[in-house]
Every structure is written in C-alpha cells, then in structure tokens.
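# Take this sequence and fold it.
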Amino acid sequence: MTRTLQVRKPTALELQRLELMLEDESSAQEQRRAHAILYHGLGLNGETIAHVLQAHPNTIYADLKAFACEGLASVHALPHGGAPSQITAQQREAIWH
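Here you go, the predicted model:
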C-alpha cells in the first residue's frame, strides 16, 4: 500500500532544468534526487519510483518532501556537517605512521 503524499508536481520549466541536471556530471545522490522528482512529475508514486531507482521508499519520500520545501535546490548535495577538524595534516600523518 502506497502512502498518500501531497507534493506538488514539478512545472514544465523545472522538468527542463531537471533534464539538464541529469546531463551534467553529478553525484549519484544528486542523480537519484533528480530522477525521483522527474518520475514524480510523470505521475509515478513513491513506491514505484523507489523500485525503479533501487532505493528505499523512505529515501524517495524524503527526496520528494525536500523538493516540496526547497524546490530544485533540494537536488544538490548538502554540505557536510559536523565540527571542524581539530588535528592538522602533520598530526594526522604522525598518527598514520
């Protein structure tokens, strides 16, 4: 049974931009997000998109919810979080040796 998801479909202009994004060299994660939004625009449900992209349905639903909140900006990779590195390259090299 599929979930009910109230996410708007991408506009014609957004679909064109998604196709251009798919032509660019981007990470696998960005490719998956773009495909998920594109397939959603074509009318596929989340379960079907997950099956086609070989991803977990929760991942696809998260991608579509991010699209609902952020638009096409949600396709691009998120910056890495966390605290800044506390050790220098020299210290890392010493630890490695």
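# Three-state assignment for the spatially most central residue of the chain, please.
For the chain, residue 33 is the residue whose C-alpha lies nearest the centre (Cα atoms, centre = their mean; 3.2 Å). With DSSP: H, G, I helix; E, B strand; the rest coil as the basis, residue 33 sits in helix.
# so who does it touch?
Residues in contact with residue 33, defined by Cβ atoms under 8 Å, 6 or more residues apart in numbering, are 63, 66-67, 74-75. Every residue, glycine included, has its C-beta placed from N, CA and C.
# These in helices, which ones?
63, 66-67 (DSSP state H).
# from those, which would you call buried?
63, 66-67 (16 or more other Cβ atoms under 10 Å).
# which one of those residues sits closest to residue 90?
Distance to residue 90, by Cβ to Cβ, is smallest for residue 66 among these, at 39.3 Å.
# The spatially closest residue to the closest one that is not a sequence neighbour: neighbour count?
Leaving aside its chain neighbours, residue 66 sits nearest to residue 74 (3.8 Å; criterion: Cβ to Cβ, 6 or more residues apart in numbering). When neighbours are counted by other Cβ atoms under 10 Å, residue 74 registers 20.
# related to what we said a few turns ago, which one of the ones in helices among the contacts of residue 33 sits closest to residue 15?
residue 67 (12.2 Å).
# surely the closest one meets residue 38?
No: the pair residue 67 / residue 38 is not scored as a contact, 10.4 Å apart, by Cβ atoms under 8 Å.
# Name the residues contacting each of these two.
Counting by Cβ under 8 Å, 6+ apart, the residues touching both residue 67 and residue 38 are residue 10.
# what's the distance between residue 5 and residue 47?
Counting by Cβ to Cβ, to the nearest Å, the gap between residue 5 and residue 47 amounts to 10 Å.
# next one: residue 67
Residue 67 is 17 Å from residue 47, by Cβ to Cβ.
# ditto for residue 21
24 Å.
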